[in-house]
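Asks: fold the stuff below for me.
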Amino acid sequence: MNPEVEIPSVMPPVHRKVLLTYCLITLLLLTDIWLILYQKMSFAGYWSDRILFWLWTAGSIVVLCLFWKKIWTKIYLGVLITSTAFLVLSGTFILMVITGAGKTDDLSVKNNRYRVQLVNSMVTRPFLQIIKNKGLLEEVIINDNADLIRNPNLKIGYETIKEVRIIKETPDSLILKFTTPWRDVVKSYPLNPDRESIRRKP
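Replies: Just a heads-up that it's a prediction; the model follows:
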């Protein structure tokens with residue numbers, strides 16, 4: 001009698017499609033993280049980072065369940081847990097950006113060429129980001145503290161921005177008017193700050 005030959009298992013087509021889709025989403029997420037960390041850019045839109053992250057999270061659960069019997073799945077789970085723990089313990093800003101954690105007020109400026117984010121979380125002081133739209137991508141051109149809307153008479157310490165308008169735009173500067181329920185504040189920002197000042201949070 002011929003000895004039985006073990007036929008190698010073939011991945012079902014549906015599983016293969018799920019894995020390929022997950023790899024594509026993971027690649028997009030890693031690209032987004034690299035853009036945020038090293039280029040001060042990201043995919044355009046307030047929700048793009050968050051939607052991409054939660055799609056990846058859901059995909060991770062599906063992949064782990066489908067391929068749990070594979071040794072590489074258990075190794076991958078260990079890598080995910082270790083990476084997440086490192087990001088949480090280090091208090092890195094990237095985790096807050098891509099997950100949407102913390103409180104972020106997003107305001108569009110005229111013509112949708114710019115948008116302003118007021119970012120507030122447990123790990124950072126409130127700060128403003130001025131972001132310029134560049135088609136499929138957008139770039140953080142200004143990181144600034146939120147002292148212009150600080151109000152010690154309020155319990156939360158900062159006023160709520162209701163509207164942002166462009167007063168004047170030149171090749172070298174951008175003058176914005178911030179409207180709160182209590183007052184209007186006008187501030188000028190340089191449009192060509194050095195790269196390191198943009199990278200640093202205020």
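Asks: list the contacts for S188?
Replies: 173-175 (CB atoms under 8 Å, 6 or more residues apart in numbering). For every residue, glycine as well, the C-beta is placed using N, CA and C.
Asks: cool, L137 as well?
Replies: Going by CB under 8 Å, 6+ apart, the list of residues near L137 reads 35, 41-44.
Asks: in which helix or strand does the nearest residue to K74 once chain neighbours are set aside reside?
Replies: Spatially, and ignoring its direct neighbours in sequence, K74 is nearest to W68 (7.7 Å; CB to CB, 6 or more residues apart in numbering). For W68, there is no host helix or strand (DSSP states H and E).
Asks: per-residue confidence at W68?
Replies: We have a pLDDT of 90 for W68.
Asks: can you report how many residues lie near it?
Replies: Neighbours of W68 under the rule other CB atoms under 10 Å: 10.
Asks: Y189 versus that one, what's the distance?
Replies: Distance of W68 to Y189, given as CB to CB, to the nearest Å: 51 Å.
Asks: what does V140 give?
Replies: 12 Å.
Asks: now do the strands in this protein.
Replies: 41-43, 103-108, 114-120, 127-134, 137-145, 163-169, 173-179, 184-190 (DSSP state E).
Asks: okay, the fourth one in PDB with CA atoms only?
Replies: The reference is to strand 127-134. What follows is strand 127-134, C-alpha atoms only, in PDB (Å, rounded to 0.1, in the frame of the first residue of the first chain):
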ATOM      1  CA  PHE A 127      -3.300  73.800  20.900                       C
ATOM      2  CA  LEU A 128      -4.300  75.000  17.500                       C
ATOM      3  CA  GLN A 129      -3.400  73.400  14.200                       C
ATOM      4  CA  ILE A 130      -3.800  75.300  10.900                       C
ATOM      5  CA  ILE A 131      -4.100  72.800   8.100                       C
ATOM      6  CA  LYS A 132      -3.900  73.500   4.300                       C
ATOM      7  CA  ASN A 133      -5.700  71.300   1.800                       C
ATOM      8  CA  LYS A 134      -3.500  69.900  -1.000                       C
END
